[in-house]
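Participant: Predicted model and sequence follow; I will ask about them next.
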Amino acid sequence: MTGLTELLASGIVQRVLLGAAILGAISGLLGAFAVLRRQSLLGDALAHAALPGVCLGFLIAGARDLGSILLGAFATGALAALCMMVIVRRTTLKTDAALGIVLSVFFGVGVVLLTHVQAQGGAASAGLGSFLFGQAAAILPGDLWLMGAIGLVSLALVLALWKEMKLVSFDPGFASAQGLPVTAIEALMTVMVALAIVVGLQLVGVVLMVALLIAPAAAARQWTRSLGGMVALSAGIGAASGAGGALVSASTRGLATGPVVVLIASAVVLISVLVAPGRGILWQALAARRARARIGDGRVLAALHGLAAAHDDAGYATERGMLAAALGGSPPAARFAALERRGLIRSVMHPPETTPHWELTEAGHAEAASLSGRPDTADRGAP
Amino acid sequence: MIAAFLDSIPAMILLTGVLVGASAALLGSFLVLRGNAMLTDAISHSIVFGIVVVWLMTSQISGPVQVLGAAVTGVLTVVLTELLARSRLVRMDAAIGLVFPALFAAGVILISVHARDVHIDVHSVLLGEIGFVWLHTVPLWGHPVPVAVATLSVVLVVNLGFVLVFWKELKLASFDPGLAAALGFLPGALHYALLGLTSVTAVAAFDAVGAILFIAFVIVPPATAYLLTRRLWLMVVLAVALSVAASLAGYALAVWWNVSIAGMMASMTGVWFALALAFAPRHGLAAQAFRHRAQRLDHDCRVLVAHLFTHENTPAMPEENTLRALVEHLHWSTPRARAAILRAHDRALIERRDGLLVLRPKGRAEAEALHEPHSGPRGPEMA
């Protein structure tokens, strides 16, 4: 524990944590829209396409200058998005083929440029490799200001265009009918995804960037049905994954930040998909089980109620085998016990027979009648 | 002579590239047609996890166990992705983007923690080391042959056999999965067999070109071939040829510029694609532009004869049936009007007489057909 406190007291670690949290929050914020608009894999393509831009930015600036590197990454990302658009609109190739082409060719060019930069040598070029897998520890004090500024700008854009972006994400046809410039807003949202990718590169690198973009959003989606809640939660999960990954990576030698961040975010997704109330897989299974039990209980009550009505005797004691015949199969003993616990049925003996019999209580009659949707007729004889 | 060939390092590097390209393009043709291109992206990343796990269990980096492990991991990735998408909690694109980064991140972390001193380091995972394939050899018929070349030859033969044996089934399942299922061709089994083989090819190609550049060989040459032809057999042959050409050209340029060989090969597949996109005979952008231009010219010709026909033998004829009227009344630019007149003249629709544009019999017939499309050769409809 003291080790952790010492770690947190260090200025470098604080800086890295803060930077990672900001980057994670930006990715989560903008990724929410990418996921809703089914552009998750566009994020993957744009992230890979940023690699040549990183190298070009480095070549032009001649040093590891974050501003020019981000600008380069942004430029090639935008070029990749443009290529995607041309391929999808002007050929009959499917979208996924277009994604694969852009992703792999841009990355190939990026690798060529990377080896070119490294062949030129220089100590500064060593930092470029960290853009493949991310190295939060490489965040410099000056970088924080840039990241903070980009974060504020994207937050301001999202808030300013909230209504428009919401409408375009969920119902572009209606948005267009309302006279909104849908194409321009879609282009802006794609640009913002590219922005999120560019700033996230430092944290997780080009290869795993897609996960930082979509995992927080996919997790947040499970917990809420409102866009505002989803975006806020997504940003929160992104920030937490970023900070957590940076902390683990900083305290372990030789561990790149990206994979740790991605594993944390993926774990959050896994938990959300399993247990989120209302949507989660376990939650749904539990709800299905409850529904099955309710229907089973209802059938027992209805059968007892019907037999009582047929015999014109509210206290008619039904033998278990008879109930099994009426239901087409014997209900489990636990079901009777549960119904008895709820005070809906009562176990009675019916001498001279020795087998258990069941009769409905007052509450049981009322429950059966309310289930059938008819007024209680058992007391007044057969229907 | 064969011995000299096998001892030549450039020949071995080239042969590796050619083998990777050919095996990948064979399977890629079907993946691109079926819209599964991005599953290749997922598979080629997540097999890293399989490779590391198998290495931890058996401490083997290559060999049949590794190939089997990779095939299982690849199919596992696809199954997990489809399960996640089928739960309907996240969409297919997001499911792909969630599963493979998680597996890849887990693989990278396992490498960092356990395997620092082994040759599977993080960078060669991504970029491959095709330049060093000749370092690891295995004796075959008394002569050392690079392991990669031996493995890839087997993979190529297997892939070729698979495609030839199941040609009819693959063709049917790619273009009409519903019919394939109805006829009992098991398109589902074929789907997993194809993806399993893709995983096997990926692990064999892995040492040479790395995870991401493998995607370039799988997707880009088949997509290029798809722009050039609509015959399946020709598409597959062209895809393989384009891969081989990209390997050869990429190697030459990489050596010349002293950059990454695999990266340059991937970039060359992109160059072929760009060329095909621009200049493909029927589906290229240039052909589309020409076709568009020709259609516009034809349309202008029709407007021209209709215009002349309307004003023929009216008092306004001397004013209307001139080049100036087209520019001033129809608001055509002068070059556009001139081009239309020239074209109509060439087609013997009009002629110039006394400074006026006059319809010739063929032009008058076309104008009449335009004015009353339902009369003409078929005779009047209302008798």
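Facilitator: The structure has been received and is ready for your questions. Residues are numbered from 1 along each chain as shown, chains lettered A, B, ... in the order given.
Participant: how is the chain carved up into domains?
Facilitator: Just so you know, I chose chain A. Listed by automatic domain parsing, the domain ranges of chain A are A:2-256, A:283-380.
Participant: if you could check chain B rather than the one you did, that'd help
Facilitator: Taken from automatic domain parsing, chain B resolves into B:2-278, B:286-375.
Participant: Residue 64 - how many residues pack around it?
Facilitator: By default, I'm working from chain A. A:Arg64 has 21 neighbours, counted by other C-beta atoms under 10 Å in any protein chain shown. Every C-beta, even on glycine, is put in place using the N, C-alpha and C of the backbone.
Participant: if you could check chain B rather than the one you did, that'd help
Facilitator: 9.
Participant: Which stretches in chain B count as strands?
Facilitator: B:137-140, B:143-146, B:350-353, B:356-359 (DSSP state E).
Participant: Those: which one's closest to chain A?
Facilitator: strand B:143-146 (21.6 Å; C-beta to the nearest C-beta).
Participant: what helices or strands is that closest one leaning on?
Facilitator: helix B:2-7, strand B:137-140 (3 or more C-beta pairs under 8 Å, 6 or more residues apart in numbering or on different chains; DSSP states H and E).
Participant: ok, back up a step: most packed of the strands of chain B?
Facilitator: strand B:356-359 (a mean of 19; mean count of other C-beta atoms under 10 Å in any protein chain shown).
Participant: Packing partners of it?
Facilitator: Other helices and strands packing on strand B:356-359, by 3+ C-beta pairs under 8 Å, 6+ apart, are helix B:285-311, strand B:350-353.
Participant: quick check, distance from that strand to the centre of its chain.
Facilitator: Relative to its chain's centre, strand B:356-359 lies at 50 Å (C-alpha atoms, centre = their mean, to the nearest Å).
Participant: So for B:Leu27, what's the pLDDT?
Facilitator: The per-residue pLDDT reported for B:Leu27 equals 94.
Participant: Near chain A, which residues of the stretch 1-150 of chain B are found?
Facilitator: Proximity of the stretch 1-150 of chain B to chain A, by C-beta under 8 Å from any C-beta of the partner chain, involves residues B:32, B:35-38, B:40-41, B:45, B:84, B:87, B:89-91, B:93-94, B:96-98, B:101-102, B:104-106, B:108-109, B:112-113, B:116, B:122-123, B:126-127.
Participant: again, 7 Å this time
Facilitator: Counting by C-beta under 7 Å from any C-beta of the partner chain, the residues of the stretch 1-150 of chain B lying close to chain A are B:32, B:35, B:37-38, B:40-41, B:87, B:89-91, B:93-94, B:96-98, B:101-102, B:104-106, B:108-109, B:112, B:116, B:122, B:126-127.
Participant: thinking again about what came up before, quick one: which of the strands of chain B has the weakest pLDDT on average?
Facilitator: Note on these: strand B:137-140 shows the lowest mean pLDDT, a mean of 76.
Participant: what is the orientation angle of the longest helix seen in chain B with helix B:285-311?
Facilitator: Longest helix in chain B, counting residues (DSSP state H): helix B:187-228. Angle of helix B:187-228 versus helix B:285-311, following axes from the mean of the first three to the mean of the last three C-alpha atoms, to 10 degrees, is 70 degrees.
Participant: Quick one: distance of helix B:187-228 to the chain centre.
Facilitator: Distance, centroid of helix B:187-228 to centroid of chain: 12 Å (C-alpha atoms, centre = their mean).
Participant: do the same with stretch B:12-21
Facilitator: Counting by C-alpha atoms, centre = their mean, stretch B:12-21 comes out at 20 Å from the chain centroid.
Participant: Give me the contact list for it.
Facilitator: B:130-131, B:133-134, B:146, B:148-149, B:152-153, B:156, B:205, B:208-209, B:217, B:243-244, B:246-248, B:251, B:261, B:265 (C-beta atoms under 7 Å, 6 or more residues apart in numbering or on different chains).
Participant: Write the ChimeraX selection for whichever of the residues you listed are buried.
Facilitator: Those of these that count as buried under 16 or more other C-beta atoms under 10 Å in any protein chain shown are selected in ChimeraX with:
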select /B:130,131,133,134,146,148,149,152,153,156,205,208,209,217,243,244,246,247,248,251,261,265
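Participant: re earlier: could you export the helices and strands packed on strand B:356-359 as TSV, including distance to A:Asp312?
Facilitator: Output for these, formatted as TSV (distance: least, C-beta to C-beta, whole Å):
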stretch	distance to A:Asp312
helix B:285-311	84
strand B:350-353	101
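Participant: pLDDT at A:Arg15, what is it?
Facilitator: 83.
Participant: And for it, the neighbour number?
Facilitator: Neighbours of A:Arg15 (other C-beta under 10 Å): 18.
Participant: Surely it is within a helix?
Facilitator: Yes - assessed by DSSP: H, G, I helix; E, B strand; the rest coil, A:Arg15 belongs to a helix.
Participant: roughly how far apart are it and chain B?
Facilitator: Noted for A:Arg15: a distance of 23 Å to chain B, by C-beta to the nearest C-beta, to the nearest Å.
Participant: Nearest residue to the middle of chain B?
Facilitator: B:Ala223 (0.5 Å; C-alpha atoms, centre = their mean).
Participant: what's near enough to touch that residue?
Facilitator: Per C-beta under 7 Å, 6+ apart, neighbours of B:Ala223: A:Leu93, A:Ala97, A:Ile101, B:Val32, B:Phe273.
Participant: can you pull the pLDDT of A:Arg380?
Facilitator: 45.
Participant: For A:Ser272, see how far away the residue most central in space within chain A is.
Facilitator: Centroid check for chain A by C-alpha atoms, centre = their mean gives A:Ala218 as the closest residue, at 1.8 Å. In this view, A:Ala218 and A:Ser272 are 8 Å apart by C-beta to C-beta, to the nearest Å.
Participant: and stretch A:72-81, what's its mean pLDDT?
Facilitator: pLDDT averaged over stretch A:72-81 gives 91.
Participant: and what of stretch B:167-182?
Facilitator: 89.
Participant: ok, and for it, which residues are buried?
Facilitator: Quick answer for stretch B:167-182 (16+ other C-beta under 10 Å): B:Glu169, B:Leu170, B:Leu172, B:Ala173, B:Ser174, B:Pro177, B:Ala180.
Participant: residues in contact with A:Gly28?
Facilitator: Neighbour list for A:Gly28: A:Pro216, A:Ala217, A:Ser234, A:Ala235, A:Ile237, A:Gly238, A:Ala239 [criterion: C-beta under 7 Å, 6+ apart].
Participant: Just confirm the fourth one contacts A:Ala25, I think it does.
Facilitator: This points to A:Ala235. Yes - between A:Ala235 and A:Ala25 there is a contact under C-beta atoms under 7 Å: 4.5 Å.
Participant: re the thing from before, filter the contacts of stretch B:12-21 down to the ones in helices?
Facilitator: By the criterion of DSSP H, membership of these in helices covers B:148-149, B:152-153, B:156, B:205, B:208-209, B:217, B:243-244, B:246-248, B:251, B:261, B:265.
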